[in-house]
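Peer 1: For reference, the sequence and a predicted model appear below.
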Amino acid sequence: MPESPDDLVVLRPEGLYCPPGDFHIDPWRPVPRAVITHGHGDHARGGMGEYHCSRDSIPILRWRLGGQVVHAHDYGEAFTLDRARVSLHPAGHVLGSAQVRIEADGQVWVASGDYKRQPDPTCAPFEPVQCDTFITEATFGLPVYRWPDTRQVAADIVQWRRQCAERGEAAILYCYALGKAQRVLAELRGLDDVPALLHGAIDAGVQVYRQAGIAMLDTERVSDLPRNADCAGRLVIAPPSAAGSAWLRRFRRAQHGFASGWMRIRGNRRRRNVDRGFVISDHADWPDLLRTIADTGARRIIATHGNTDALVRHLCEQGVAAESFHTGYGDETLQDAAAAGEPQEPGT
């Protein structure tokens with residue numbers, strides 16, 4: 001669908017741009033004014049003149065970006081940027097994640113950023129926002145992606161750790177460093193009483209969440225243990241970049257698991273060369289993408305980053321006006337690597 005002069009959000013080389021408000025949403029190139037949906041590295045980049053974000057995301061942005069000019073807003077609080085009335089609403093993705101509601105020229109548009117509908121003890125739950133046009137992510141925009149109950153998956157992780165203990169093995173679980181690791185630790189609280197061991201890149205983000213008041217399972221840093229410490233029976237949480245690295249040599253016997261929505265596909269488990277795949281995602285699955293689109297009441301849908309073609313095709317077949325923006329956002333792996341300051345890995 002061609003761009004209309006009445007559109008409240010258009011695609012520019014720097015990112016998604018709002019003409020009446022003269023701001024960009026999660027721009028991937030430097031711009032004077034950015035509204036940020038959340039703190040993952042592919043959505044919150046350095047070099048902007050000023051940042052607008054949710055108040056709950058301040059700890060993450062300060063950790064990642066340092067002393068930038070940042071304007072914090074409470075969820076639901078309206079603020080004015082040029083001719084646009086803007087407000088931020090919970091997206092349920094990670095701590096502080098927000099959807100961007102824009103009202104101008106008699107229209108309401110909402111840009112979702114990344115979001116999920118499953119309960120998550122580490123962030124505010126997703127809030128459907130009525131709008132005329134909804135810009136939705138489509139990271140897992142295929143019917144095969146349907147998430148199990150996360151509480152049961154957390155129980156499976158505890159059982160796996162205990163099975164590893166019986167065999168004298170460490171249970172090394174690879175998690176994305178910002179959002180996923182903290183969610184797993186929060187879900188494990190109350191299900192297990194053995195503190196988890198953390199890679200340094202994981203610990204940095206966990207401490208940010210703890211300082212924000214998020215309750216999680218007790219943790220220790222691997223680097224604080226004696227070099228010859230026996231880690232059999234311990235859950236060790238590490239970033240994906242640690243797989244195959246020299247850091248793993250301290251664990252003499254270990255099983256390896258991966259917590260991600262990508263583990264829903266068996267081929268991804270084989271490519272990751274892990275013993276166990278735990279299906280936990282901080283994005284909406286296929287049913288929740290469709291439910292959310294319906295909840296907004298939007299007459300026009302624009303899909304971004306992910307399996308946009310499948311989602312757009314399905315919506316068009318249902319008589320919904322749908323199209324896509326091709327944006328510069330990555331998948332969970334790239335988000336994690338950028339957030340943790342690690343070398344970036346290819347998407348899976």
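Peer 2: That came in fine, so what should we check first? Numbering: from 1, shown residues only.

Peer 1: doesn't I135 fall inside a helix?
Peer 2: No. Under DSSP: H, G, I helix; E, B strand; the rest coil, I135 falls outside any helix and is assigned strand.

Peer 1: so how many other residues sit close to it?
Peer 2: 26 (other Cβ atoms under 10 Å). (Glycine included, C-beta is placed from N, CA and C.)

Peer 1: Just the local confidence number for it, please.
Peer 2: Looking at I135, its pLDDT is 98.

Peer 1: Same question for E342.
Peer 2: With respect to pLDDT, E342 scores 40.

Peer 1: Could you do T348 as well?
Peer 2: On the pLDDT scale, T348 gets 27.

Peer 1: measure A298 to H93 for me?
Peer 2: As for A298, its distance to H93 is 19 Å (criterion: Cβ to Cβ, to the nearest Å).

Peer 1: higher neighbour count, those two?
Peer 2: For A298 versus H93, neighbours defined as other Cβ under 10 Å are more numerous around H93 (28 against 24).

Peer 1: With the flanking residues excluded, which residue is spatially nearest to the more buried one?
Peer 2: Of all residues not flanking H93 in the chain, D114 sits nearest, at 4.4 Å (Cβ to Cβ, 6 or more residues apart in numbering).

Peer 1: Phi, psi for that neighbour please.
Peer 2: Note on D114: its backbone torsions stand at phi -90, psi 150 [degrees, to the nearest 10].

Peer 1: Equivalent analysis for the one 3 residues further on, please.
Peer 2: Listed backbone geometry of R117 is phi -110, psi -10, with angles given as degrees, to the nearest 10.

Peer 1: So which elements touch the longest helix along the chain?
Peer 2: Using DSSP state H, we find that the single longest helix of the chain is helix 150-166. If you count contacts as 3 or more Cβ pairs under 8 Å, 6 or more residues apart in numbering; DSSP states H and E, helix 150-166 packs onto strand 170-174, helix 180-188, strand 254-259, strand 276-278.

Peer 1: Make CSV from those and add mean pLDDT and distance to S223 to it.
Peer 2: Below are the helices and strands packed on helix 150-166 laid out as CSV (pLDDT from 0 to 100; distance: least, Cβ to Cβ, whole Å):
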stretch, mean pLDDT, distance to S223
strand 170-174, 98, 15
helix 180-188, 98, 16
strand 254-259, 98, 17
strand 276-278, 97, 25
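
Peer 1: Next, format those as CSV and append distance to P32 and mean neighbour count.
Peer 2: Output for those, formatted as CSV (distance: least, Cβ to Cβ, whole Å; neighbours: other Cβ atoms under 10 Å):
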stretch, distance to P32, mean neighbour count
strand 170-174, 38, 25
helix 180-188, 32, 26
strand 254-259, 38, 22
strand 276-278, 42, 19
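
Peer 1: Right, I'll leave it there.
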